[in-house]
Structures are given as C-alpha cells and as structure tokens.
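Starting from these lines, generate the structure:
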Amino acid sequence: MRARSHSEVASTREAYALLGLTGPADSVVLTAAFRASVKAAHPSAPGGDADRFRRVIAAWRLVRTLGAPTLSLPPPAASAPAVPVVAIGPMEALHGGRAAVRLAGRTIDIRLPKGLRSGEHLRLRGAGRGGTDLYLPVLIRGADGLSAIGDDLYMTCPVPPRLLEDGGRLEIETHAGPRSVWLVGEPQPMRLRIKGLGLPARGKRPQGHLFATLQPSEDAPSAAEDLLVRFTRVWTPDRLAA
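Predicted coordinates for the structure are as follows:
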C-alpha cells in the first residue's frame, strides 16, 4: 500500500503520536516504534485500518526528514555496550511490573511504573560506566489483543453483521472488564472510544482512552448468546440455590 504525502500528518507532534512516541527519540527507539506502529496499524492486523496505516507511514517519512534527533545525554564512548530497549506489552504499561534486560553480559531486573509510554526512558542509578546513571529507552509492543499509540490503547471487537446493520446493545470485553455500548446501526466497520481506559495519567501525560474497532464477524456471539453469557457469569449455582 502506497502512502500519501506528509500532508496527512498535520504536525510533528501528531507524527510522533502516531508512532506511539511523546517526542523525539534516539534512532533505535524511533525505528522500533515505527515497526511496531505500522504493524499494529496494518489493515490485516487486529485494530488496524488503512487510513491509520497510511498516516503512520507518512509520520515516519516526516520524522525522518527532520534528521536524527539530538539526545540530551552525552553520547556513550565507542567501546560502551549498546543500550538495550526495554520492550513491554500494553498490560505492563497499564499496571506496571517487572522486566529483565541483558546488559554487558548480566541480567538486570527493572521495576516498571504504571503509565509508561513508548519513547520514555527508565533510569538505572549507577549502572553505567564509571558509576554513572544509565537510561534505557522504552517501547510498548502490541500484545494481548491491544496496541498502544501515545496515551491511547487500541483493540478489535468482533460484532455480528446484523448488529452493525440494525444497531443494538453490544458488550465489549476490555482489559478492565466488560463495557456496554449501544450501536445505532452502521453499514461499515467503525471505531468506538471508551473514555478513561487508555494508559493511566503519569507526569504530564493525561489519562488515555480505549478505541475499539468493530469488525463484522459471523463467529461473534449474537445478542441472545451474549445475554446467556452474562446471565451465567452473574447467576452462579450459589445464587440460584439461595
């Protein structure tokens, strides 16, 4: 698929956001972020669509025309080992956790705070050469049916074609549990925004949202099947016997 011109991206800020970054990043993170974003945006990928796919490519081309960004940290010595990228999944970005990275032949256990974004750096005190602090770039890769771009999360939800055409109640299984939405009828797949279910607020970054792309699927449960699933979830044998 051929990308359009840079005019599809209104600004460099939007370009970085499309790549899942909050601003300029070193070349390793920039390339990794582009690969992850373009893969997640591909029309054949869960949650992807052709328009976002074109815009991600346009964003990459725009960022590349700006030249290599200058890092605020002094460049490492030529003999210093390459700094590894801390690759995590959206669920780890949501809830935090632990990650293990290999550095100079040893494994380092790192604590992950909640709300990390791609392009941020984790500081390891005294882990660099001569006891200096070391900064490891972060990249959020798609996993568990989710992908992250900037502050927001993206997923795909299969929907019976009849429900998309006629409208009705739809229950979406999100990472935070089921959420109910009402469809008014739409002949084409569409995307819904579920407020406040993106990456949590952290520092100057606001609370993100969850975007669910609705795709017609004959295998998706019907409204009656959905009601049955919710009934069996709530009415356990203990409650039925009460």
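
contacting residues for the residue nearest in space to the middle of the chain?
The centroid of the chain falls nearest to Ala148 when counting by C-alpha atoms, centre = their mean (0.9 Å). Applying C-beta atoms under 8 Å, 6 or more residues apart in numbering, we find Ala148 in contact with Gly20, Pro90, Ala93, Arg117, Ser118, Ile140, Gly142, Tyr154, Leu199. (Glycine included, C-beta is placed from N, CA and C.)

before we move on, what SS does the fifth one have?
Meaning Ser118. coil (DSSP: H, G, I helix; E, B strand; the rest coil).

ok, it to Leu136 distance?
13 Å (C-beta to C-beta, to the nearest Å).

Likewise for Ala212?
Per C-beta to C-beta, Ala212 is found 32 Å from Leu136.

next one: Thr156
Taken as C-beta to C-beta, the span from Thr156 to Leu136 is 31 Å.

Can I take it that Phe211 is in a strand?
Yes - Phe211: assigned to a strand according to three-state DSSP.

looking at this protein, which helix or strand is least sure?
helix 223-234 (a mean of 51; mean pLDDT, DSSP states H and E).

Sketch out the helices for the protein, chain order is fine.
Under the criterion DSSP state H, the chain carries helices at the ranges 12-18, 27-41, 50-65, 90-95, 161-166, 223-234, 237-241.

Which of those sits closest to Arg106?
Taking C-beta to C-beta, helix 27-41 is the member of those nearest to Arg106, at 20.2 Å.

and that closest one, C-alpha only, in CSV?
In CSV, the C-alpha atoms belonging to helix 27-41 read as follows (Å, rounded to 0.1, in the frame of the first residue of the first chain):
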residue,chain,number,x,y,z
SER,A,27,17.2,6.2,16.3
VAL,A,28,16.9,2.7,17.9
VAL,A,29,13.6,3.6,19.6
LEU,A,30,12.4,5.6,16.6
THR,A,31,12.9,2.6,14.2
ALA,A,32,11.4,0.1,16.7
ALA,A,33,8.4,2.4,17.3
PHE,A,34,7.8,2.7,13.6
ARG,A,35,7.9,-1.0,13.0
ALA,A,36,5.5,-1.7,15.9
SER,A,37,3.1,1.1,14.9
VAL,A,38,3.0,0.2,11.2
LYS,A,39,2.4,-3.5,12.1
ALA,A,40,-0.4,-2.6,14.5
ALA,A,41,-2.0,-0.2,12.0
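
looking at the helices of the chain, which is closest to Ile108?
For Ile108, the closest of the helices of the chain is helix 90-95, at 16.2 Å, according to C-beta to C-beta.

What helices and strands are in contact with that closest one?
strand 147-149 (3 or more C-beta pairs under 8 Å, 6 or more residues apart in numbering; DSSP states H and E).

Okay, now the sheet partners of the strand it packs on, with direction.
Paired with strand 147-149 in the same sheet, following DSSP bridges, are strand 152-159 (antiparallel).

what is the rounded mean pLDDT of the partner strand?
Regarding strand 152-159, the rounded mean pLDDT is 92.

For it, buried residues please.
For strand 152-159, the buried set under the neighbour-count rule, 16 or more other C-beta atoms under 10 Å, comprises Asp152, Leu153, Tyr154, Met155, Thr156, Cys157, Val159.

Which one of those is nearest to Arg35?
The shortest approach to Arg35 among the buried residues of strand 152-159 belongs to Tyr154, at 16.3 Å (C-beta to C-beta).

May I have stretch 140-158 exported as PDB, CA atoms only?
Presented in PDB, the C-alpha positions along stretch 140-158 are these (Å, rounded to 0.1, in the frame of the first residue of the first chain):
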ATOM      1  CA  ILE A 140       5.400  -0.700  24.000                       C
ATOM      2  CA  ARG A 141       4.700  -3.600  21.600                       C
ATOM      3  CA  GLY A 142       1.200  -4.900  20.800                       C
ATOM      4  CA  ALA A 143       0.100  -7.900  22.900                       C
ATOM      5  CA  ASP A 144      -3.000  -9.500  24.400                       C
ATOM      6  CA  GLY A 145      -5.100  -8.000  21.600                       C
ATOM      7  CA  LEU A 146      -4.000  -4.500  22.500                       C
ATOM      8  CA  SER A 147      -1.700  -1.900  20.900                       C
ATOM      9  CA  ALA A 148      -0.600   1.400  22.300                       C
ATOM     10  CA  ILE A 149      -0.200   4.700  20.400                       C
ATOM     11  CA  GLY A 150       0.700   7.700  22.600                       C
ATOM     12  CA  ASP A 151      -1.700   7.800  25.600                       C
ATOM     13  CA  ASP A 152      -4.400   5.600  23.900                       C
ATOM     14  CA  LEU A 153      -5.000   1.800  23.500                       C
ATOM     15  CA  TYR A 154      -6.500   0.100  20.500                       C
ATOM     16  CA  MET A 155      -8.300  -3.200  20.200                       C
ATOM     17  CA  THR A 156     -10.600  -5.000  17.700                       C
ATOM     18  CA  CYS A 157     -14.000  -6.300  18.700                       C
ATOM     19  CA  PRO A 158     -15.900  -8.900  16.500                       C
END
